[in-house]
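[1] Below are the sequence and a predicted model; questions follow.
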Amino acid sequence: MKKILLILSCIISAFAFAQKKPTLFLIGDSTMANKDNPDKNPEHGWGQVLPQFLTSGIEIQNHAVNGRSSKSFRTEGRWDKVEKQLKKGDFVVIQFGHNDQKVKDSTKFTNPHTQYRANLERYVKETRAKGATPVLMTSIVRRNFNENGVLIDTHTDYPLVVRLVADDLEVPFVDMQLLTEQMEISYGPEKSKLLHLHFKAGENPYYDKDKDDDTHLSRLGAETVAKLAVKDLKNLKIGLEKYIK
């Protein structure tokens with residue numbers, strides 16, 4: 001009788017595990033992160049609005065945090081929390097770069113061709129070791145138009161390294177740098193302000209002073225970026241497409 005109960009218990013446990021939803025984990029920085037007071041706060045991360053584009057068949061955990069680099073996300077123990085949960089069938093979107101550039105902060109800065117690359121490779125390998133699928137993304141661009149209306153890159157070699165790692169390790173890849181560059185250019189130097197945070201003092205109750213932020217996203221910007229990400233994620237054909245509306 002005990003053997004029968006044990007067998008039944010194992011079967012039930014196996015069935016429950018098989019029925020468990022896959023999870024899409026997001027790891028990255030402020031451009032992806034959830035923001036406080038979303039009903040009042042004009043700033044949104046693109047990962048924050050991502051759930052509206054996916055079905056209920058997949059769970060989303062957004063672990064992106066303001067100010068984190070590929071280095072500090074790990075040293076603060078944030079990757080440990082993700083890695084411990086990873087299971088076969090899960091997905092991990094990896095998008096760092098903005099804060100890896102901070103040469104005045106030793107807790108965040110990484111050389112793009114050495115430590116940054118090694119960090120990305122490690123995230124990829126540890127994700128795969130758990131049976132999950134990594135997806136590498138380049139950083140979204142900053143709204144940085146010069147006096148001639150030309151969008152100027154600010155990320156130097158970091159996006160290039162993401163492309164190289166994706167190619168060398170055969171990792172599913174979404175070029176958010178290219179997609180958001182095209183987005184900013186299509187809006188132009190003035191209208192692209194709507195994608196970001198540009199407010200005069202008193203124009204928005206959330207800001208007491210003038211706000212001119214060309215890095216972070218408004219709700220419109222976040223939703224536009226999320227749509228671009230979802231379209232390319234769907235085209236990767238890695239299994240995630242069946243959860244995209």
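    It's in. Small disclaimer: the values here were computed from a predicted structure and weren't measured.
[2] what helix or strand is residue 187 on?
    Using DSSP states H and E, residue 187 sits in helix 176-191.
[3] Doesn't residue 167 belong to a helix?
    Yes. The assignment for residue 167 is a helix, going by DSSP: H, G, I helix; E, B strand; the rest coil.
[4] Contact partners for the closest residue to residue 184 other than its chain neighbours?
    Once flanking residues are discounted, residue 184 sits nearest to residue 192: 5.0 Å by Cβ to Cβ, 6 or more residues apart in numbering. For the C-beta atoms, the positions are set from N, CA and C on the backbone; glycine is no exception. Under the criterion of Cβ atoms under 8 Å, 6 or more residues apart in numbering, the neighbours of residue 192 are 143, 145, 184.
[5] Repeat the analysis, applying 10 Å as the threshold.
    Residue 192 makes contacts with 143, 145, 151, 183, 184, 185, 186, 198, 214, 221, as judged by Cβ atoms under 10 Å, 6 or more residues apart in numbering.
[6] I'd like the next helix or strand past the helix holding residue 187.
    Using DSSP H and E, the helix or strand that follows helix 176-191 towards the C-terminus is strand 197-199.
[7] Partner strands of that next one and their direction?
    Applying DSSP bridges to the sheet, strand 197-199 is found paired with strand 211-213 (antiparallel).
[8] now the angle from the helix or strand just after the strand it pairs with to helix 176-191?
    Next helix or strand after strand 211-213 toward the C-terminus (DSSP H and E): helix 219-235. Helix 219-235 runs at 150 degrees relative to helix 176-191, counting by axes from the mean of the first three to the mean of the last three Cα atoms, to 10 degrees.
[9] Kindly spell out which helices and strands sit in contact with helix 219-235.
    Applying 3 or more Cβ pairs under 10 Å, 6 or more residues apart in numbering; DSSP states H and E, one finds that helix 219-235 makes contact with strand 91-95, strand 133-137, strand 173-174, helix 176-191.
[10] can I get the CA coordinates of it in PDB?
    The C-alpha coordinates for helix 219-235 follow below in PDB (Å, rounded to 0.1, in the frame of the first residue of the first chain):
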ATOM      1  CA  ARG A 219       4.600  55.300 -21.000                       C
ATOM      2  CA  LEU A 220       4.400  55.900 -24.800                       C
ATOM      3  CA  GLY A 221       8.200  55.200 -25.100                       C
ATOM      4  CA  ALA A 222       8.000  52.100 -23.000                       C
ATOM      5  CA  GLU A 223       5.000  50.700 -24.900                       C
ATOM      6  CA  THR A 224       6.700  51.500 -28.200                       C
ATOM      7  CA  VAL A 225       9.900  49.800 -27.200                       C
ATOM      8  CA  ALA A 226       8.100  46.800 -25.800                       C
ATOM      9  CA  LYS A 227       6.200  46.400 -29.100                       C
ATOM     10  CA  LEU A 228       9.500  46.400 -31.000                       C
ATOM     11  CA  ALA A 229      11.000  43.800 -28.500                       C
ATOM     12  CA  VAL A 230       8.000  41.500 -28.800                       C
ATOM     13  CA  LYS A 231       8.000  41.600 -32.600                       C
ATOM     14  CA  ASP A 232      11.600  40.400 -32.700                       C
ATOM     15  CA  LEU A 233      11.200  37.900 -29.900                       C
ATOM     16  CA  LYS A 234       8.300  36.400 -31.800                       C
ATOM     17  CA  ASN A 235      10.400  36.100 -35.000                       C
END
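[11] Tell me the buried residues in that helix?
    When burial is assessed from 16 or more other Cβ atoms under 10 Å, helix 219-235 yields the following buried residues: 219, 221-230, 232-234.
[12] repeat for stretch 99-114
    99, 100, 101, 108, 109, 110, 112.
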